[in-house]
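Trainee: next one to model:
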Amino acid sequence: MNAWYLICFLSALAIFIAFANQYILKMQTTIAITTGSVVISLLLILAVKLLGDSTALEITQIVSSIDFNQLLLKGMLGFLLFAGALEINLAALKKQRFEITVLVLFSTLASTFIIGFLSFYLFVALGFAVPFIYCLLFGALISPTDPIAVLAIIKQMRALEGISVQVEGESLFNDGIGLVIFTTIFAVAFLDTEASAAGIAELFFVDALGGIAFGLVIALVGHYLIINSRDVNIRLLLTLTIPTAGFAAANIWEISGALAMVTSGILLGNITRTKATERTRPEDTRYVKDFWHATDSFLNALLFLIIGMLIVTMPISLAEIGLGLLMVPVVLLARFISVGAPFVVFKKFRKYDKHSVKILTWGGLRGGLALAMAAAIPRDQVFVGGSDLHNLLVIVTYVVVIFSIIVQGLTISPLIHSSISAKQQN
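Mentor: Here you go, the predicted structure:
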């Protein structure tokens with residue numbers, strides 16, 4: 001068996017878990033897939049460590065040969081962000097553009113530094129003397145939120161539009177900005193880039209603004225070709241060229257492919273979809289939309305199973321798992337401060353739901369992007385407390401993400417119910 005066959009089998013497993021979940025657990029699909037990946041990972045670890053099972057051992061060897069940086073950050077991420085951006089309501093986004101801009105820029109940066117400082121002292125206190133630059137790197141990779149699971153819950157419960165748009169818009173854009181911040185700190189930490197304010201600012205803005213500008217260009221070209229196409233299959237294939245060739249070109253030119261995908265996805269999902277609907281049958285537009293919705297769900301399911309397999313290949317200690325659990329309140333505190341501080345200012349100009357900060361804090365789930373960035377940290381280059389920095393940060397990130405999706409994802413509903421009930425009573 002090779003890596004491609006393993007991915008094929010994991011794809012089938014992800015779909016099977018989603019199917020079974022409809023009748024057994026009845027959870028939100030992403031939460032069910034994540035729970036399933038944890039269980040499967042534990043069974044594989046048990047089979048390898050305790051039973052010495054040859055098939056399980058072969059699977060772990062195949063997984064260890066996969067380049068997760070290429071597969072996730074340079075491949076699947078483009079599809080995930082583009083598909084998510086297609087669902088954004090541009091009109092609603094404009095109403096919240098000031099709040100979302102502040103949350104994306106200020107809150108992501110603030111969370112990165114808060115987690116960086118707090119994790120530095122926590123690592124030292126527990127015997128892991130992680131240099132500060134790598135603590136900042138951890139802050140950058142764990143700060144971006146994943147909209148997939150909580151958005152599905154919010155939409156199912158018909159949460160207030162303002163809250164939904166804030167979570168959706170902030171999550172998509174801070175995925176892009178978070179990746180730019182991570183790339184910038186990564187360049188300083190591992191690529192010997194000069195750590196001057198001017199150099200870092202240039203790297204950040206070229207990456208971010210270049211990605212947005214490129215996203216506008218490919219959206220304009222895609223818009224023209226799509227609305228002038230007479231075949232619905234050609235229109236679908238044209239959308240596929242954006243997260244494939246478009247994302248690849250952005251990565252080759254070293255600009256933010258993530259922001260390019262978000263920008264182009266929002267424009268195509270609103271302006272182009274509206275124009276295409278005027279020129280074609282409504283079911284044709286629905287066909288393209290349903291394809292991308294299914295693709296988004298499938299890739300997210302596959303992503304968590306692949307990451308679950310990654311954990312099996314690593315030497316895991318109880319100390320590292322405990323460190324991950326202690327990092328959960330650190331991440332939540334940083335999220336609460338970085339989101340709550342802007343709302344102190346926002347409330348002076350506009351009225352918001354009283355549960356907004358709580359929902360944005362508890363609903364700021366960490367997901368596949370954080371794991372993908374952690375997996376991209378080089379192996380066998382930095383060692384702290386006898387542990388490879390790569391393994392340490394991947395395990396800590398994995399624990400935070402699992403807590404985030406399973407615990408926070410399952411308990412966000414009461415907060416949303418409270419928000420809806422309060423609004424109805426008023």
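
Trainee: from here on, just use CA atoms for contacts and neighbour counts.
Mentor: Will do.

Trainee: for the helix or strand harbouring Thr184, buried residues please.
Mentor: Using DSSP states H and E, Thr184 sits in helix 161-190. Buried residues in helix 161-190, counted by 16 or more other C-alpha atoms under 10 Å: 162-189.

Trainee: for stretch 345-356, same thing?
Mentor: Going by neighbour count (16+ other C-alpha under 10 Å), the buried part of stretch 345-356 is His355, Ser356.

Trainee: now that stretch, how far from the chain's geometric center?
Mentor: Per C-alpha atoms, centre = their mean, to the nearest Å, the displacement of stretch 345-356 from the mean C-alpha position of its chain is 26 Å.

Trainee: may I have it as CSV, with CA atoms only?
Mentor: Output of stretch 345-356 as CSV, limited to C-alpha atoms (Å, rounded to 0.1, in the frame of the first residue of the first chain):
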residue,chain,number,x,y,z
VAL,A,345,-14.8,50.4,21.5
PHE,A,346,-17.4,49.0,19.1
LYS,A,347,-20.2,49.4,21.7
LYS,A,348,-19.7,53.1,21.8
PHE,A,349,-20.8,53.4,18.2
ARG,A,350,-23.3,50.6,17.7
LYS,A,351,-25.5,48.2,19.7
TYR,A,352,-24.5,44.5,19.8
ASP,A,353,-25.9,41.4,21.2
LYS,A,354,-24.8,41.0,24.8
HIS,A,355,-23.5,37.5,24.1
SER,A,356,-21.3,38.6,21.1
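
Trainee: you'd agree Met380 is up against His390?
Mentor: Actually, residue 380 is Asp. It isn't Met. Yes - taking contacts as C-alpha atoms under 8 Å, Asp380 lies within contact range of His390: 7.4 Å.

Trainee: so the two - more neighbours on which side?
Mentor: Per other C-alpha atoms under 10 Å, whichever of Asp380 and His390 has more neighbours is His390, with 19 against 11.

Trainee: so who does the more buried one touch?
Mentor: Ala374, Ala375, Ile377, Pro378, Arg379, Asp380, Val382 (C-alpha atoms under 8 Å, 6 or more residues apart in numbering).

Trainee: would you check that Ser264 makes contact with Gly211?
Mentor: No - using C-alpha under 8 Å, Ser264 makes no contact with Gly211, being 10.1 Å away.

Trainee: mind listing the strands for the protein?
Mentor: Assigned by DSSP state E, the chain shows strands spanning 383-384, 387-388.

Trainee: what's next to the last one, contact-wise?
Mentor: Contacts with strand 387-388, where a contact means C-alpha under 8 Å, 6+ apart, come from Arg379, Asp380, Gln381, Val382.
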